[in-house]
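> Okay, here's the prediction I keep looking at, along with the sequence it came from:
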Amino acid sequence: MDNHYSIYAIILSRGITSAFLNNLKMKRLLVCGIMVNILLLHTACINYKTKNNHSFNKSGEAVLNPGQGWILYGDPSDHSTATLAVGTTGYNRYSWSQINPQENVYNWSHIDNMINAWAKLGKQFAFGIMSVYCPGEVYCTPKWIFDKGAKYTMGNSDEKSTERKYFIPVWDDPVYVEECKKFAEALAKRYDGNPNIAFIEIRNYGNWGEMHMWPFSQHTRSLTAEQVQTLLIQPYLNNFKNTQLGICWGEPPLNNSINHWVVEKGIALRNDGIMGDKSSTGHSGNGDVISMAIGKTPVIWEFIHTSFKKLENHSDYPWDDKRFINIIKTGKPNYIGLGGWGNDAQYMLSRKPELVREVANLMGFNFSITTASYANEISAGKPLEISLSIENSGVTNMLTDCVIKILLLDSDDKAVSSYTTDWNTKSINGGKTENFSANAIFSDVSVGTYKLSVGLYRNENDPKPTYNLDEKDRTHDGFYVIGTLKIEP
């Protein structure tokens, strides 16, 4: 366009002969050329003036999102307002005998009450159901299963105890395996697809369902990885199609054989013993034993002893903030238990408030819009060219489904029109920024000025956004305002 302007400038500056001007065709050509270039110059000026480049400020708070975050153990009543403000997920473990006290009789109220209590606070719930709880319950697997003929051995409460009073099922016994299968079917019928459930752990093998035999290994016979997969895990995969499943990291060599298989099946991996050392846990305590799950399925961590208080001044492996941050950056967890049972979460938060907030925004993904570029004004029915840069300051990529919409809000922050993008948020790796652009068309919208906003949804037809951004300008319904947009006739 600049070359066109210079040509006409040269013609005019050197003078135009009367003979040239008397040529009607040349006159018309000159006038048309000047008009076209004036129009182009006018359009360019308008685009330049209305182009809006907007930058954003992070919230400075713990950003909570489903599918990740601090886990709070027990009932909501066990927690303070402060811990509830930083946790995303409630968690509990049950004995099988609590839920299935008699054959074909199920007491779902234990689980239902927890789901409802956490859902009222806008949080999901996760749980596991154990076959052995030693020391704890004599009959964790229901007594009626043994009465029905399932074989068992007797387990001791710790390595030094000679008292053997805990009933340990023979893991490949046909009666036990069949009842595990039936229970998985009943559990899935009740809970598969429940949106208020974050994940369900398969805990039908090993003490506490952790796929190890401490402290009664001398009194039981372990299974091969193939047996565990086929007999005890596969029934859950056969029945749960819509809810995230998880298992605990077990003991060598079982875990080395089974973990890759469960990740391929989309099952989350849990690593207990975080922040311990090799002498106490059999591994580094850094979460590296389940690294094969990073970026593929949820990575779940629990502190050794399930307690921050015990770790804080431990004689062998005392708490170290720097180590904790470093292992998060390498182990890339999606969930971490905030302390443990009782008031341990409150204690950890009171002792480490800044650390708790920092880690809340490190786990999993943490999205923020760094820049947005768009025109302030468009004509009704015409597309809006918009570009956004989205940063992920979390340690890993997003695993759950997400739909991003560009929306117009009225003066009451209600959405009046929206455009659904095809942007893939799962592609934004931890610590990276990606640029997205779209030509957004807003149909059936009146002439006027609106708030241009962004919303992140789990499902396209959800009434309100699901996910939070690390941004300050959030509306009550979860929209993030980019700026204003004027729709002209």
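Received, thanks.
> Any buried residues in stretch 97-110, and which?
97, 98, 99, 100 (16 or more other C-beta atoms under 10 Å). (Glycine included, C-beta is placed from N, CA and C.)
> Among those residues, which ones are in strands?
Among the buried residues of stretch 97-110, no member falls in strands (DSSP state E).
> I'd like those residues as CSV, with distance to residue 411 appended.
Listed next are those as CSV, based on distance: C-beta to C-beta, whole Å:
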residue, distance to residue 411
97, 58
98, 53
99, 51
100, 55
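> Find the nearest non-adjacent residue to residue 77, please.
Among residues not flanking residue 77 along the chain, residue 117 sits closest, at 7.9 Å (C-beta to C-beta, 6 or more residues apart in numbering).
> Give me the number of neighbouring residues for that neighbour.
15 (other C-beta atoms under 10 Å).
> check which helix or strand covers it.
Here residue 117 sits within helix 109-119, counting by DSSP states H and E.
> Quick one: mean pLDDT over that helix.
In this model, helix 109-119 carries a mean pLDDT of 98.
> Which elements pack onto that helix?
Packed against helix 109-119 by the contact rule (3 or more C-beta pairs under 8 Å, 6 or more residues apart in numbering; DSSP states H and E) you find strand 87-95, helix 96-99, strand 124-130.
> repeat that with 6 Å
Under the contact criterion of 3 or more C-beta pairs under 6 Å, 6 or more residues apart in numbering; DSSP states H and E, helix 109-119 touches strand 87-95, strand 124-130.
> Of all the ones you listed, which one is nearest residue 308?
strand 87-95 (13.8 Å; C-beta to C-beta).
> where does the stretch 251-400 of the chain dip in pLDDT?
252-253, 279-283 (pLDDT under 70).
> can you give me the helices in it?
According to DSSP state H, counting those that start in this stretch, the stretch 251-400 of the chain carries its helices in the segments 254-264, 278-281, 308-312, 321-331, 344-351, 353-360.
> Switch those helices over to CSV; also include distance to residue 191.
Below are those laid out as CSV (distance: least, C-beta to C-beta, whole Å):
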stretch, distance to residue 191
helix 254-264, 20
helix 278-281, 31
helix 308-312, 30
helix 321-331, 29
helix 344-351, 25
helix 353-360, 27
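> that older thread, distance of the residue nearest to residue 77 from residue 92?
Residue 117 is 10 Å from residue 92, where distance means C-beta to C-beta, to the nearest Å.
> on that earlier part again, out of the helices and strands packed on helix 109-119, the one nearest residue 354 is which?
strand 87-95 (16.4 Å).
> Direction included, what does that closest one pair up with?
Sheet pairing for strand 87-95, assigned by DSSP bridges, gives strand 69-73 (parallel), strand 124-130 (parallel).
> Redo those strands as TSV? Include mean neighbour count, mean pLDDT and distance to residue 340.
TSV is the format used below for the strands paired with strand 87-95 (neighbours: other C-beta atoms under 10 Å; pLDDT from 0 to 100; distance: least, C-beta to C-beta, whole Å):
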stretch	mean neighbour count	mean pLDDT	distance to residue 340
strand 69-73	24	98	6
strand 124-130	23	98	15
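> which residues does the residue positioned nearest the centre of the chain contact?
Note on the chain: the residue nearest the mean C-alpha position is residue 67, at 3.0 Å, using C-alpha atoms, centre = their mean. Applying C-beta atoms under 6 Å, 6 or more residues apart in numbering to residue 67 gives the contacts residue 400.
> Would you mind putting the strands paired with strand 87-95 into CSV with distance to residue 429 alongside?
Shown next, in CSV, are the strands paired with strand 87-95 (distance: least, C-beta to C-beta, whole Å):
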stretch, distance to residue 429
strand 69-73, 19
strand 124-130, 24
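> Could you point out which of those strands sits nearest residue 244?
The nearest among those, by C-beta to C-beta, is strand 124-130 at 8.6 Å.
> tell me the angle that closest one makes with helix 109-119.
160 degrees (axes from the mean of the first three to the mean of the last three C-alpha atoms, to 10 degrees).
> Can you dump the C-alpha atoms of strand 124-130 in CSV for me?
What follows is strand 124-130, C-alpha atoms only, in CSV (Å, rounded to 0.1, in the frame of the first residue of the first chain):
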residue,chain,number,x,y,z
GLN,A,124,-15.5,-34.1,44.6
PHE,A,125,-15.0,-37.2,46.7
ALA,A,126,-12.6,-40.2,46.2
PHE,A,127,-12.5,-43.5,48.1
GLY,A,128,-11.2,-47.0,48.2
ILE,A,129,-12.6,-50.2,49.7
MET,A,130,-10.2,-52.5,51.5
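> quick one: average pLDDT of whichever helix or strand comes after it?
Moving toward the C-terminus from strand 124-130, the next helix or strand (DSSP H and E) is helix 143-147. Helix 143-147 shows a mean pLDDT of 98.
> Any idea how far helix 143-147 is from the middle of the chain?
On the basis of C-alpha atoms, centre = their mean, to the nearest Å, helix 143-147 sits 39 Å off its chain's mean C-alpha point.
> And the contacts of it?
With C-beta under 6 Å, 6+ apart as the criterion, helix 143-147 contacts 102, 103, 152, 179.
> again, but for stretch 299-313
So stretch 299-313 is contacted by 268, 270-276, 287, 293, 319, 333-337, 339-340, 344, 347-348 (C-beta under 6 Å, 6+ apart).
> So which of those belong to strands?
Per DSSP E, the subset of these in strands is 268, 270, 271, 272, 273, 274, 335, 336, 337.
> hmm, which two among the residues you listed are most spread apart?
Pairwise distances across the ones in strands among the contacts of stretch 299-313 (C-beta to C-beta) peak at 16.6 Å, for the pair 268 and 273.
> Between its first and last residues, how far does stretch 97-111 reach?
13 Å (C-alpha to C-alpha, to the nearest Å).
> How about stretch 421-430?
22 Å.
> Would you mind telling me which of the strands paired with strand 87-95 is nearest residue 468?
Residue 468 lies closest to strand 69-73 among the strands paired with strand 87-95, at 10.6 Å (C-beta to C-beta).
> what's in contact with the closest one?
79, 86-91, 335, 337-338, 340-341, 345, 360, 363.
> show me where the stretch 351-489 of the chain has strands.
367-375, 377-379, 384-392, 403-409, 415-420, 432-440, 448-457, 480-488 (DSSP state E, counting those that start in this stretch).
> So for the third one, what gets flagged as buried?
The reference is to strand 384-392. Using 16+ other C-beta under 10 Å as the test for burial, strand 384-392 gives 384, 386, 388, 389, 390, 391, 392.
> hey, what's the closest residue to the second one other than its chain neighbours bridged with?
Taking C-beta to C-beta, 6+ apart, and ignoring the residues beside it in sequence, residue 386 has residue 374 as its nearest neighbour in space, at 4.1 Å. Using DSSP bridges, the beta-bridge partners of residue 374 come out as residue 52, residue 386.
> Repeat that for residue 485.
Beta bridges link residue 485 to residue 450 when assigned by DSSP bridges.
> Go ahead and confirm it touches residue 451.
No - assessed by C-beta atoms under 6 Å, residue 485 is found out of contact with residue 451, at 7.8 Å.
> neighbour-wise, which of the two wins?
With neighbours defined as other C-beta under 10 Å, residue 485 and residue 451 compare such that residue 485 has more, 25 against 21.
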